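Visitor: Okay, here's the prediction I keep looking at, along with the sequence it came from:
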Amino acid sequence: MSKPILLIVDDEPDMGEFASFAGEVTGYEVITMSSGKDFQEAYLLMSPDLLLMDVAIPDIDAIGLLEWLGSAGNRCPIILMSGHGDYMLNWAKTVGTDLGMSVIDTLSKPIALEDLEKILTEIKTKL
């Protein structure tokens, strides 16, 4: 049985490694990108089962990525994360939902490893 694919985008290397570790220990095949452009290219090359996206990355923000994902017909669930507070997370979640996507969770940084592992495990059982 193949592992579900978790595609992560976060411009902070430490956070990308942290999220990647959590994904690997919970049984995902993990692909981590540090830019929106790289994320878009990776998304088009594979069929991810779950997206974990930072709300604020330099080359394109989560709103731009959500709009792009909507135009690409994305149907896989999305988790949004941010160190910029709940307002940004809630706004991005609303945009994603309004575009017809399943934004299933929002996480404020810093994120506890056990919390991220729990969420990823719960989602994996539903994939």
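Guide: That came in fine, so what should we check first?

Visitor: What values do phi and psi take at the residue positioned nearest the centre of the chain?
Guide: Compute the mean C-alpha point of the chain, and by Cα atoms, centre = their mean the closest residue is Leu52, 1.2 Å away. Geometry field for Leu52 lists phi and psi as phi -120, psi 110, criterion degrees, to the nearest 10.

Visitor: my guess is it meets Leu6, correct?
Guide: Yes. Between Leu52 and Leu6 there is a contact under Cβ atoms under 8 Å: 6.3 Å. In short, each C-beta sits where N, CA and C put it, glycine included.

Visitor: what about the strands in the protein?
Guide: 5-9, 29-33, 50-54, 78-82, 103-108 (DSSP state E).

Visitor: how about those in TSV, adding distance to Glu117?
Guide: Rendered in TSV, the data for those read as follows (distance: least, Cβ to Cβ, whole Å):
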stretch	distance to Glu117
strand 5-9	12
strand 29-33	13
strand 50-54	12
strand 78-82	13
strand 103-108	12
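
Visitor: can you redo these as a markdown table with distance to Leu89 and mean pLDDT?
Guide: What follows is the strands of the chain, written out as a markdown table (distance: least, Cβ to Cβ, whole Å; pLDDT from 0 to 100):
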| stretch | distance to Leu89 | mean pLDDT |
| --- | --- | --- |
| strand 5-9 | 15 | 97 |
| strand 29-33 | 20 | 97 |
| strand 50-54 | 11 | 97 |
| strand 78-82 | 5 | 96 |
| strand 103-108 | 4 | 95 |
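
Visitor: show me what contacts the residue nearest to the centre of the chain?
Guide: Leu52 sits next to 6-10, 19, 23, 78-79, 81 when contact means Cβ atoms under 8 Å, 6 or more residues apart in numbering.

Visitor: Now which of these would you call buried?
Guide: Buried members of the contacts of Leu52, counted by 16 or more other Cβ atoms under 10 Å: 6-10, 19, 23, 78-79, 81.
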